[in-house]
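Novice: A structural model of the following input is requested.
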Amino acid sequence: MEYRTFGDSELEVSVIGFGGWPMGGSNYGLVDDGESKAAVRHAFDLGITCFDNAAVYGVGHSERVMGAALKPIRDQIVLVTKCGLAWNDEVKRVERNGTRESVLASCERSLKDLGTDYIDLLLVHWPDVYTPFEETMRALEELRQAGKIRYAGVSNFMPEMLEECRRHLGIVANQMGYSLLERRIERDVMPWCEENGIGIMGYGSLAHGLLSGAMGAGHQFETGDWRATGHAFGLPIFDREKHFPANVEVQNRLRAIAEREGHTLPELATAWVLAHEVVTTALVGFRTQAEVDEAARAADWKLTAELYAEVAAISDEAYQRNVAEELLTPPIGNWNPWNRQPQRFGTAGLSPSDRTND
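Specialist: Model prediction:
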């Protein structure tokens, strides 16, 4: 297993990260907690030291399952979780909330659910443009000073947002979607992070299952699976009328290349992401020990320049087709929140249910 540090920090993790979203059990269909715990421990046995979660994954269920599995080895791993999203019981939905009160409360819940007294890296899950980033960053620093977190970072933040955050706190990581079918961060986020010494945690390394090799053109998602909407964070990669069948064909082409090289499709997809040094760790949402085995093998596969280019050409063709119908959903889309934040902050006294989630 290879290990990298987050940008200019001293926080070192395995290049494969264990993504905890699926084990939450609320967005990826049914999961077995026993299998999830076994996968966590197996990952550690194979050298994986980065374990990623969030307070909203299964409304704490994922953190509780992961925390229980990691308890005997807590001091040997890097535990990452996220704040900044909060469940609003009145309207029955998750909303962005970067206020000091929300950040502190979220951290306390995560500490309890994870069964630990500190978090190695706490990320702000999504930017809340109704709350000044200074308030959010100061809350993170407050937690750091109290010894409840070691490092702070963000997730889904664009360069202008990162600039603002760094005026108030030294963040070490930005977690963003990145895969052979999702390359939007190459526009500006990836170059900015590399230039400014911030590590990238790439989520969705297998395109949320599309590059797992398990989906055929007629694949049906279970009830409650978020992928049934057809979109993945603004990209219509699961849209059945047009993009999903074409992306399944891309999956088949990439699988043929992987098998030619003596590997599997997930191994190829993950190795391609890790070919970018600014990516500190590639997150994979594991459900089984077999999936962990594949990812571990990917960590040891260094693509040649020729193979990288061959795969990138297929990837670029698919990405350009998908992104042509991108839903410009902030913060991924082409937008600028700064000309709107002052006006919005003037109404920050509104209850969370009166806010929009854009």
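Novice: Going by C-alpha atoms from here, please, whenever you check contacts or count neighbours.
Specialist: Will do.
Novice: State the pLDDT value of the residue nearest the centre of the chain.
Specialist: With distances taken as Cα atoms, centre = their mean, the chain has Tyr203 as the residue nearest its mean C-alpha position (3.5 Å). pLDDT recorded at Tyr203 is 91.
Novice: same check, this time on Asn27
Specialist: Asn27 is given a pLDDT of 58.
Novice: For Ile171, give me phi and psi.
Specialist: phi -90, psi 150 (degrees, to the nearest 10).
Novice: so what's it closest to, chain neighbours aside?
Specialist: Gly153 (4.7 Å; Cα to Cα, 6 or more residues apart in numbering).
Novice: same thing with Gln76?
Specialist: Residue nearest to Gln76 in three dimensions, not counting chain neighbours: Thr49, with 7.3 Å by Cα to Cα, 6+ apart.
Novice: give the contact list for the one you found.
Specialist: For Thr49, the contacting residues are Val13, Ser14, Gly17, Ala43, Gln76, Ile77, Val78, by Cα atoms under 8 Å, 6 or more residues apart in numbering.
Novice: Over to Met23?
Specialist: Contacts of Met23 (Cα under 8 Å, 6+ apart): Val31, Asp32, Asp33, Ser36, Tyr57, Gly58, His61, Ser62, Val65, Phe286, Arg287.
Novice: What subset of these is buried?
Specialist: Buried subset of those (neighbour count, 16 or more other Cα atoms under 10 Å): Val31, Asp33, Ser36, Tyr57, Gly58, His61, Ser62, Val65, Phe286, Arg287.
Novice: Out of these, list just those in strands.
Specialist: Using DSSP state E, no member of the buried ones among the contacts of Met23 falls within strands.
Novice: and which of those residues is nearest Cys107?
Specialist: Closest approach to Cys107 among these (Cα to Cα): Tyr57, at 14.0 Å.
Novice: is it true that the closest one touches Trp21?
Specialist: Yes - with contact defined as Cα atoms under 8 Å, Tyr57 counts as touching Trp21 (5.5 Å).
Novice: Which pair of the contacts of Thr49 spans the longest distance?
Specialist: Gly17 and Gln76 (14.2 Å).
Novice: higher neighbour count, the two?
Specialist: The residue with more neighbours, out of Gly17 and Gln76, is Gly17; 28 against 11, by other Cα atoms under 10 Å.
Novice: which helices and strands does the helix or strand harbouring Met137 pack with?
Specialist: Assigning secondary structure by DSSP states H and E places Met137 in helix 133-145. Counting contacts by 3 or more Cα pairs under 8 Å, 6 or more residues apart in numbering; DSSP states H and E, helix 133-145 packs against helix 100-114, strand 149-155, helix 159-166.
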